[in-house]
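Undergrad: 3D model of this:
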Amino acid sequence: MQPLSFLVPGFSKCGTTTLCSLLDQHPDIYIPPIKEPNFFSKDDYAEHWDEYQALFADTGGATVLGEGSTFYGCIDHEVPTRERIVRHYPDIKLIFIARDPINRIESSFRESHHSGPRFGFDTPFSLGEAIDQFPNILQDACFWSRFENYHQHFPEENIHTLFLEDLKADTQGELAKCFRFLGVDAGFKVE
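TA: The predicted structure follows:
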């Protein structure tokens with residue numbers, strides 16, 4: 001197994017992709033180019049270890065390996081995902097990124113209208129009806145419940161949390177905190 005250092009079990013529409021892209025600029029950090037492998041959230045994940053390991057085959061000399069997948073923090077997948085992560089990487093570090101829950105709900109609602117037809121579903125234009133039909137629009141914004149799934153099973157010193165609004169307001173400062181958490185040069189400046 002690859003010596004994974006960290007995961008970003010992010011929440012959809014909260015900046016997981018942006019955060020991973022910024023972290024990946026650090027020369028000591030490697031995040032595979034595939035967006036959200038969602039490996040640990042798949043029921044048949046054990047059959048695909050070779051494919052997952054291949055994502056980390058060429059790290060370019062980076063020694064801190066990680067990836068980010070929003071399914072890891074999604075109510076529909078969080079418990080079995082966390083169990084698999086604990087089983088294989090009990091000492092892994094976790095970085096969570098959240099945002100204002102109302103803004104996250106709005107973004108998810110908009111995204112479901114945009115992407116839903118590609119996946120064969122239509123989201124009602126009433127927010128109430130949409131939440132009735134797709135309760136995860138609301139449930140995935142209940143961040144403390146999502147965090148708690150991991151907080152109960154990983155030591156506090158292995159969990160770092162930041163907010164999208166803070167990342168936007170002070171990108172270098174928030175990344176420096178992430179870099180310190182991951183044990184790499186916190187002075188590195190992203191572009």
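Undergrad: please, where are all the helices along the protein?
TA: For the chain, helices defined by DSSP state H occupy the ranges 16-23, 49-54, 78-88, 101-115, 127-133, 136-139, 143-151, 164-169, 171-182.
Undergrad: so for G10, which of these sits nearest?
TA: helix 16-23 (3.0 Å; C-beta to C-beta). Backbone N, C-alpha and C define where each C-beta goes, glycine included.
Undergrad: list the contacts of the closest one.
TA: 8, 10, 29, 31, 35-36, 66-70, 95, 97, 162, 164, 167, 171, 175, 178, 182, 190 (C-beta atoms under 8 Å, 6 or more residues apart in numbering).
Undergrad: rebuild the helices of the chain as JSON lines, extending it with mean pLDDT, distance to L4 and mean neighbour count.
TA: Formatted as JSON lines, the helices of the chain follow (pLDDT from 0 to 100; distance: least, C-beta to C-beta, whole Å; neighbours: other C-beta atoms under 10 Å):
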{"stretch": "helix 16-23", "mean pLDDT": "96", "distance to L4": "14", "mean neighbour count": "20"}
{"stretch": "helix 49-54", "mean pLDDT": "94", "distance to L4": "10", "mean neighbour count": "12"}
{"stretch": "helix 78-88", "mean pLDDT": "95", "distance to L4": "8", "mean neighbour count": "17"}
{"stretch": "helix 101-115", "mean pLDDT": "80", "distance to L4": "27", "mean neighbour count": "15"}
{"stretch": "helix 127-133", "mean pLDDT": "87", "distance to L4": "35", "mean neighbour count": "14"}
{"stretch": "helix 136-139", "mean pLDDT": "79", "distance to L4": "26", "mean neighbour count": "17"}
{"stretch": "helix 143-151", "mean pLDDT": "85", "distance to L4": "15", "mean neighbour count": "16"}
{"stretch": "helix 164-169", "mean pLDDT": "97", "distance to L4": "23", "mean neighbour count": "16"}
{"stretch": "helix 171-182", "mean pLDDT": "98", "distance to L4": "12", "mean neighbour count": "17"}
